[in-house]
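K.L.:
For reference, the sequence and a predicted model appear below.
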Amino acid sequence: MVDFVLPGDKICEAEEYLPGRGAYVDEEGSVRSKISGTPRFNSAERTVSVSFPGRAPGINVVGSVVYGRVFQILSQIVLVQLFPYKTRRFRLVPPGMIGAIHISDIRREFVEDIWGEFGVGDWVRARIKRVVKRFYPQLSTVGKEYGVIKAYCPHDRTPLVRRGAMLYCPRCKRTFKRKIAFDYGDPRLPR
Ligand SMILES: [Zn+2]
């Protein structure tokens, strides 16, 4: 059973379930999702609807700490693929959730160049700042415990090591600027 779909993803055939909220039927009779979310099958009504995971338990807990990997950097926003995880107090569901860090939420100071703060492939720890229905959860890395916890050299994939406030590649000797967490390289992970 599909537990997370993106807009346009096929959920099932219309003969199996009819589209409810957040779903539609295409010309071929396939039921597809209008939004990113979790399909819910109602066998009594024989319908399937898709609800945004922002309403699922856990994800809308503002202030919660989340972990993920940077997969895209735009001029004002860093997009992070969040990892599903569960602790005694927090549950982040479902897999495939994306969070966004706005340039103004990276650090306390004004950030001029977003590319000097994160790199694609970096592992980050962030805090959920705000959840707006139907949008990506907005994350913040303001504070010393938040930011990059592990990064690799974009040229040779060597794990970068910390050198003061910078990251350094022991192989090609290049230096990189990042918004790093205080425990970069040996992060405390959730339990
Ligand atoms: Zn390198």
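P.N.:
Looks like it came in fine.
K.L.:
residue contacts, R107?
P.N.:
Shown here is R107, whose contacts under the criterion Cβ atoms under 8 Å, 6 or more residues apart in numbering are E117, T141, V142, G147, K179. Any C-beta I mention is one placed from the backbone N, CA and C, and that applies to glycine too.
K.L.:
That one falls within a strand, correct?
P.N.:
No: the assignment for R107, made by DSSP: H, G, I helix; E, B strand; the rest coil, is coil rather than a strand.
K.L.:
How many residues are close by P154?
P.N.:
For P154, the tally of surrounding residues (other Cβ atoms under 10 Å) stands at 14.
K.L.:
isn't it right up against F118?
P.N.:
No: P154 sits out of contact with F118 when judged by Cβ atoms under 8 Å, with a separation of 11.7 Å.
K.L.:
Please give me every residue in contact with N42.
P.N.:
For N42, the contacting residues are Y17, G20, V48, S49, taking Cβ under 8 Å, 6+ apart as the criterion.
K.L.:
C-alpha coordinates for the one helix or strand the last one maps to, PDB please?
P.N.:
According to DSSP states H and E, S49 maps onto strand 47-51. Taking C-alpha atoms only, strand 47-51 is exported to PDB below (Å, rounded to 0.1, in the frame of the first residue of the first chain):
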ATOM      1  CA  THR A  47     -13.200   6.300  -1.900                       C
ATOM      2  CA  VAL A  48      -9.600   7.400  -1.400                       C
ATOM      3  CA  SER A  49      -8.700  10.900  -0.200                       C
ATOM      4  CA  VAL A  50      -5.300  12.400   0.300                       C
ATOM      5  CA  SER A  51      -4.500  14.500   3.300                       C
END
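K.L.:
is it true that G96 lies in a strand?
P.N.:
No: when classified by three-state DSSP, G96 is found to be coil rather than part of a strand.
K.L.:
which residues touch it?
P.N.:
Going by Cβ under 8 Å, 6+ apart, G96 touches F4, L6, S36, Q81.
K.L.:
Now stretch 136-152: buried residues?
P.N.:
136-142, 146-152 (16 or more other Cβ atoms under 10 Å).
K.L.:
Now the terminal residues of it, how far apart.
P.N.:
With Cα to Cα, to the nearest Å as the measure, the first residue of stretch 136-152 is 26 Å from its last.
K.L.:
Do any residues in it lie close to the ion?
P.N.:
No: judged by Cβ under 5 Å from the ion, stretch 136-152 makes no contact with the ion; its nearest approach is 8.5 Å.
K.L.:
how distant is that stretch from the center of its chain?
P.N.:
Chain-centre distance of stretch 136-152: 11 Å, with Cα atoms, centre = their mean, to the nearest Å.
K.L.:
Show me which positions of the strand holding S49 end up buried.
P.N.:
By neighbour count with 16+ other Cβ under 10 Å, strand 47-51 contains the buried residues T47, V48, S49, V50.
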